[in-house]
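Engineer: Got a sequence here, can you build the structure:
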Amino acid sequence: MSPRNTPIKQKLTSIILLTCCVVLVITCGGFLTYELLTFRQTMSEHLSTVGRLIANNSNAALVYENHKDATEVLSALKEEPHVGGA
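Structural biologist: Residues are numbered from 1 along each chain as shown. Model (predicted):
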């Protein structure tokens with residue numbers, strides 16, 4: 001069937017379907033972009049907070065050269081999956 005012979009109802013249905021699909025793809029792209037950006041920002045803030053906590057907790061161990069306390073504080077980072085080593 002050629003486009004000229006297609007009923008108007010089918011043409012309108014096709015146009016509406018195409019419009020909905022385009023809007024859905026654009027919306028999903030927007031959500032994906034937003035999630036990626038907020039994930040990176042949240043991860044950065046989280047690691048900064050962990051870094052500050054470790055710095056504050058290990059300060060006394062470093063000043064007084066207490067290796068046992070320093071090791072204990074740094075061993076707590078084993079539970080943090082995003083920290084490679086300490």
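Engineer: and the longest helix along the chain, how far from the chain's centre?
Structural biologist: Looking only at the chain and at elements set by DSSP state H, the helix with the highest residue count is helix 8-63. Relative to its chain's centre, helix 8-63 lies at 5 Å (Cα atoms, centre = their mean, to the nearest Å).
Engineer: average pLDDT across the helix or strand just after that helix?
Structural biologist: Under the assignment DSSP states H and E, the closest C-terminal helix or strand after helix 8-63 is helix 67-75. When the per-residue pLDDT values of helix 67-75 are averaged, the result is 80.
Engineer: Which positions in helix 67-75 come out as buried?
Structural biologist: Within helix 67-75, the residues that qualify as buried by neighbour count (16 or more other Cβ atoms under 10 Å) are Ala70, Val73, Leu74. Just so you know, the C-beta spots here come from the backbone N, C-alpha and C atoms, and that holds for glycine as well.
Engineer: Run the chain-centre distance for it.
Structural biologist: Using Cα atoms, centre = their mean, the distance from the centre of helix 67-75 to the centre of the chain it belongs to is 31 Å.
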